[in-house]
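Chemist: Got a sequence here, can you model it:
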Amino acid sequence: MEQNGEKVIEVKNVKKVYRMGRERILAVDDVSFEIYKGEFCCLLGTSGSGKSTLLNLMAGIEKLSTGQIIIKGKNIHKMSEKGLAKFRQRYLGFVFQSYNLINSMTALENVELPLVFKKVRPRSREKMAREMLTSVGLGKRMRHRPKEMSGGQQQRVGIARAFVAKPEIVFADEPTGNLDTRTTKEVMNIIKDIAKKNNQTIVMVTHDRSLAQYADKIIHILDGKIQEVEVVDREEICEVNAAEAAQQPEVKAVTVEEAISKLNQEQENIKEQVEIL
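Modeler: Numbering: from 1, shown residues only. Next comes the predicted model:
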C-alpha cells in the first residue's frame, strides 16, 4: 500500500511503565510509527511482548507514561474521559477475542447497541443492524442470543457490532484467538472485506504469523520494542501467485463425448482385469 495518504494514527516515542512495589516494568519502550487511512496494520508478537498494551494505549483504554498518540489529529491522552468517550463513539470500533456480547440480548440487539449510544433512531438502527448481520452471514440468527450460537457465530456478531456504525478505525485484539482454523479464515476474510469496502483502518493484535499475512503493514514487537516494520507488497504477492499458477501442469479441456469414451475404456480395462483374476 502506498503511504502517501492521510495519516490517521501517529505514535510518537511512546512508553508505558508499570510499577509493582519497587519493581519497574517497561511494557512499551519508546515506540514510534504511523498508520494511514485504509491500512490494515498488524501488531505481531509473542505473549508478553507488549502488543496488547500498545493497542490499549492507542485506544485510550490505558494511559501512557510518556510520548504522544495522535488519532485524527487529536492527542487522545490530553482528552477528558468524557471527551475520549465521545471520540471513541465517533471514530473507533472494537473486536475482542472473548466476543464481549451481552448474553441477555439477541444478536440484533447487541449489534444495535453502538447505534443506541450514537442516538440513532430505533427504526434506522434496526435496519442498519439487520443489514450488517446479513452481510456477515447471520441473516437467520438475528433473534438468537449468544449462548444459542457457536463461537464463530458470536464473533461474527462482534464484528457486525464493531462495524455497524462505520467507524474510521477498528481495533481488533486477537479476534480469532478462540476459533478453529476454518472459522478463523472466515472471520478474517469478513473483517478484511468490510474494511476494504468502506476504506476503514484496521489495527489488529496477534501472535499468529499466518493471520499477519492479511495485513498491509506488520509491526514486529518484542520486549516492548519494535524490531521491524514490514510493509507487504500486494502487487508482488499477486505476481508470485501468478508465476506459481503458470508453473502448474496444463489442464486440457475435453468434450463430453471424449469423457464418455474414456470412461467406457476404463470400464473395459477393469472387466479384463476381473476376468484374469
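Chemist: Number of residues surrounding the residue found closest to residue 222 once you drop the neighbours it is linked to in the chain?
Modeler: Spatial nearest neighbour of residue 222, excluding adjacent residues (C-beta to C-beta, 6 or more residues apart in numbering): residue 49 at 5.4 Å. Heads up, the C-betas are built off the backbone N, CA and C, glycines and all. For residue 49, the neighbour count with other C-beta atoms under 10 Å is 22.
Chemist: could you list every residue that touches residue 49?
Modeler: Listed by C-beta atoms under 8 Å, 6 or more residues apart in numbering, the contact partners of residue 49 are 221, 222, 223, 224.
Chemist: for the protein, what spans make up the strands?
Modeler: Remark: strands assigned in the chain by DSSP state E are 7-20, 23-36, 40-44, 66-71, 74-75, 92-96, 169-173, 201-206, 217-222, 225-231.
Chemist: how about these in CSV, adding mean neighbour count and mean pLDDT?
Modeler: Shown next, in CSV, are these (neighbours: other C-beta atoms under 10 Å; pLDDT from 0 to 100):
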stretch, mean neighbour count, mean pLDDT
strand 7-20, 16, 96
strand 23-36, 16, 95
strand 40-44, 25, 97
strand 66-71, 18, 97
strand 74-75, 13, 96
strand 92-96, 21, 95
strand 169-173, 24, 96
strand 201-206, 25, 97
strand 217-222, 20, 97
strand 225-231, 14, 95
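Chemist: Pipe these into JSON lines and attach distance to residue 137 per row.
Modeler: Below are the strands of the chain laid out as JSON lines (distance: least, C-beta to C-beta, whole Å):
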{"stretch": "strand 7-20", "distance to residue 137": "29"}
{"stretch": "strand 23-36", "distance to residue 137": "29"}
{"stretch": "strand 40-44", "distance to residue 137": "21"}
{"stretch": "strand 66-71", "distance to residue 137": "31"}
{"stretch": "strand 74-75", "distance to residue 137": "35"}
{"stretch": "strand 92-96", "distance to residue 137": "16"}
{"stretch": "strand 169-173", "distance to residue 137": "18"}
{"stretch": "strand 201-206", "distance to residue 137": "19"}
{"stretch": "strand 217-222", "distance to residue 137": "28"}
{"stretch": "strand 225-231", "distance to residue 137": "31"}
